[in-house]
Structures are given as C-alpha cells and as structure tokens.
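1. fold the following.
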Amino acid sequence: QVQLVESGGGLVQAGDSLRLSCAVSGRTSVYYAMAWFRQAPGKEREFVASITWTTGTTSYADSVQGRFTASRDNAKNTVSLQMNSVKREDTALYYCAARPWFFGTSPPRANYDYWGQGAQVTVSS
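-> The predicted model follows:
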C-alpha cells in the first residue's frame, strides 16, 4: 500500500518561495507517475504538476508554468514542488498523488490512485 505524506506548507507573502515535499512509502517499482494537485476554498481540485519517476519528465498547469518546479529524489524516496514567485491565487490545500505501474513517457494530469492528506499553502499580499 502506497502512503504519501506532505510537508512544507505554511504562510508566505506574495513573491516569496516555498518548497513542498512528499514522502513516499510502499513504492515497489520505479514505474510511477507522481503529481501535485491543489484545491482552493469553494473550488474544485485542480492539477498543478506531474513527474515520471523513471526519467523525471515533468508537466505543468499553465497557471504555474515557469514558477513551479517538480522534482524527485530516488535516494530519499521523495517528490518535491518548488514554488517561486507565489501569488495570492496559489493559496490552496496542496495534495501529493501517485499512480503506480505507469509506463508512459509523459506524466499524466489525471487518474491518480493514491493521495496524501494535503499541506496548506497560504499566500498573503
């Protein structure tokens, strides 16, 4: 059973940087796609970024392209989301997600099987 635990959320000011991490346990192969989603109050959950564990290929939502960077650390078994130049509209509960047995080259933006409990990011002006 895959378990995901997010950390690194908090309160920051607009323009600042923040790094979220997701500790992954129970992973039994390298054929995984990992992703970050977020949900703001009163809104639906939306895709933020994804990455393939094998090659590190990434995909980003238009709203964060150029500001956020997803990465994975095989030795530490973690995935991270570096958030730069944050905006008030980035305020949300951020979720880490995993999709096992993914053999594609482009990380998907939907259909993930395992989810973390979420980390709150609040951006003040």
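2. enumerate every residue touching residue 35.
-> Contact analysis of residue 35 by CB atoms under 8 Å, 6 or more residues apart in numbering lists 47-51, 96-99, 107-109, 112. C-beta: built from backbone N, CA, C; applies to glycine.
3. just send these back as CSV, with secondary structure too.
-> Listed next are the contacts of residue 35 as CSV, based on DSSP: H, G, I helix; E, B strand; the rest coil:
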residue, secondary structure
47, strand
48, strand
49, strand
50, strand
51, strand
96, strand
97, strand
98, strand
99, strand
107, coil
108, coil
109, coil
112, coil
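4. which of those are buried?
-> 47-51, 96-99, 107, 109, 112 (16 or more other CB atoms under 10 Å).
5. start and end of stretch 107-120, how far apart?
-> The straight-line separation of the ends of stretch 107-120 (CA to CA, to the nearest Å) is 24 Å.
6. which outside residues touch it?
-> 2-10, 20, 22, 33-35, 37, 39, 47, 50-52, 57-59, 61, 92-100, 102.
7. so where's this structure shaky on pLDDT?
-> The model of the chain has no residue with pLDDT under 70.
8. ok, which stretches of it are strands?
-> Using DSSP state E, the strands of the chain run over 3-7, 10-13, 18-25, 32-39, 46-52, 58-60, 68-73, 78-83, 92-100, 114-115, 119-124.
9. fine by me, thanks again.
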